[in-house]
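Novice: I'll drop the sequence and a predicted model, then ask my questions.
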Amino acid sequence: MPDSQRASGSYTRGMKHAAMRIENFIEEVWVVCPHCSATGYIRWAFRGSAQLVCPTCSATRERKVNRWTYGIAFDPFFQLPLRLQTPLKMKTLWAYNPAHLAYLKAFLLDPKRDVAASFSSTVVERLPRWLLTTRRRELERAFARIERPK
Ligand SMILES: [Zn+2]
């Protein structure tokens, strides 16, 4: 996909969104640093440990990961609040990192919402009904809020 399409989230007619698993988006998770509230980064390698690094205050944290929680506006490893989140319809729109956000935006703002069928448990299949039924205008405003520099 050309970068111009990726950036604008627009797709040519008939193009399907790639099927992605949430695992594709959790190698780096953007969180609110528990010490200074700047953006911290959690990096995780499959079957390895998760490491939090904050470039602003130099805070670090590490833990061995044997299970993780998906589906809430907190990181799966330390349960820190995600950096990329915004209120929407009394709930929360969130993403683990800019790539995850760009994927959700491209899918949700696409009227066709067509995903290449390949396997189950994709990111899109796990999206809650309230989000899938949110009107386009509301989604556009929410994405504008979440993309605003903090
Ligand atoms: Zn910090």
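Specialist: Sure thing, it's come through. Note that the structure is predicted; figures quoted are calculated from it, not measured.

Novice: C-alpha only now, for contacts and for neighbours.
Specialist: Will do.

Novice: who does the most centrally placed residue in the chain bridge with?
Specialist: Taking Cα atoms, centre = their mean as the criterion, Ala95 is the residue nearest the geometric centre of the chain, at 2.2 Å. Listed by DSSP bridges, the beta-bridge partners for Ala95 are Leu84.

Novice: wait, isn't it in contact with Gln85?
Specialist: Yes - here Ala95 lies in contact with Gln85, judged by Cα atoms under 8 Å, at a distance of 6.5 Å.

Novice: overlap in contacts of those two?
Specialist: Among the neighbours of Ala95, those also in contact with Gln85 (Cα atoms under 8 Å, 6 or more residues apart in numbering) are Ala73.

Novice: ok, now which ones touch the residue nearest to the centre of the chain?
Specialist: For Ala95, the contact set (Cα under 8 Å, 6+ apart) comprises Ala73, Leu82, Leu84, Gln85, Leu101.

Novice: looking at those residues, which has the smallest pLDDT value?
Specialist: Minimum pLDDT across the contacts of Ala95 is recorded for Ala73, with 94.

Novice: hmm, Trp94 and it touching each other?
Specialist: Yes - assessed by Cα under 8 Å, Ala73 is found in contact with Trp94 at 5.8 Å.

Novice: between the two, who's got more neighbours?
Specialist: When neighbours are counted by other Cα atoms under 10 Å, Trp94 comes out ahead of the other of Ala73 and Trp94, with 24 against 21.

Novice: apart from its chain neighbours, what residue comes closest to the more buried one?
Specialist: Spatial nearest neighbour of Trp94, excluding adjacent residues (Cα to Cα, 6 or more residues apart in numbering): Gln85 at 4.1 Å.
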